[in-house]
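Undergrad: Next one to model:
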Amino acid sequence: MAKRYMSDSEYEQQQYIWKQRPVDPYLLQSVIDGKNDDLDDDDEDAKQIKQDLRERLWVIVLQKIEKTLTPRQQDAIKLFLMGKKQEHMGSVLGVTQEAANVRIRLGLERLKKTCDKDKEIQEILAQLK
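TA: Here you go, the predicted structure:
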């Protein structure tokens, strides 16, 4: 729930739960230890092939963004892909954070539907696996 709909005590309680939520250290260790397992086994040629596939996939997805999304969604998705926060997006785009969130969500849904139908994207994803 958004902060503006909560009392101060409810917000503090929510934040306390999120900050104090216990996480199993073994789970964290498995995530950290398993992060680079597949990279150690690959030789340089396989790494280069994967990198080329990722670059090709990126180009295709950018083309899909340009063709299928509205200009407002394009702007929001591009900022999202650059790693910007929604508050920053809102100030750049001249809208609220909630409006930026909606643009991102709708844009990603439309982009996912389009990419799911594209055979070339599916082939690249299969090769990356």
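
Undergrad: For T68, give me its contacts.
TA: R110, L111, T114 (C-beta atoms under 8 Å, 6 or more residues apart in numbering). For the C-beta atoms, the positions are set from N, CA and C on the backbone; glycine is no exception.

Undergrad: ok, the last one - contacts?
TA: T114 is in contact with K64, T68, counting by C-beta under 8 Å, 6+ apart.

Undergrad: Tell me the confidence at G34?
TA: Among the per-residue scores, G34 shows a pLDDT of 60.

Undergrad: Give me the next element, helix or strand, following the helix or strand bottoming out on mean pLDDT in the chain.
TA: None of the helices or strands of the chain scores lower by mean pLDDT, DSSP states H and E than helix 37-41, at a mean of 53. Next along the chain after helix 37-41, taking DSSP states H and E as the criterion, comes helix 44-68.

Undergrad: In that following helix, which of the residues would be classed as buried?
TA: L57, V61, K64, I65 (16 or more other C-beta atoms under 10 Å).

Undergrad: Could you do stretch 96-112 as well?
TA: A99, A100, N101, R103, I104, L106, G107, R110, L111.

Undergrad: nearest residue to the first one other than its sequence neighbours?
TA: Computed as C-beta to C-beta, 6 or more residues apart in numbering, the closest residue to A99 that is not its neighbour in sequence is G90, at 6.7 Å.

Undergrad: Can you give the contact residues for the host helix or strand of the one you found?
TA: Taking DSSP H and E as the definition, one finds G90 inside helix 86-93. Helix 86-93 has contacts (C-beta under 8 Å, 6+ apart) with 72, 75-76, 79-80, 84, 96-97, 99-101, 103-104.

Undergrad: ok, now with 7 Å
TA: Helix 86-93 is contacted from outside by D75, A76, L79, T96, Q97, A99, A100, N101, using C-beta atoms under 7 Å, 6 or more residues apart in numbering.

Undergrad: of all these, which comes closest to E12?
TA: Comparing the contacts of helix 86-93 against E12 with C-beta to C-beta places Q97 closest, at 20.8 Å.

Undergrad: Got the phi and psi for the closest one?
TA: phi -60, psi -40 (degrees, to the nearest 10).
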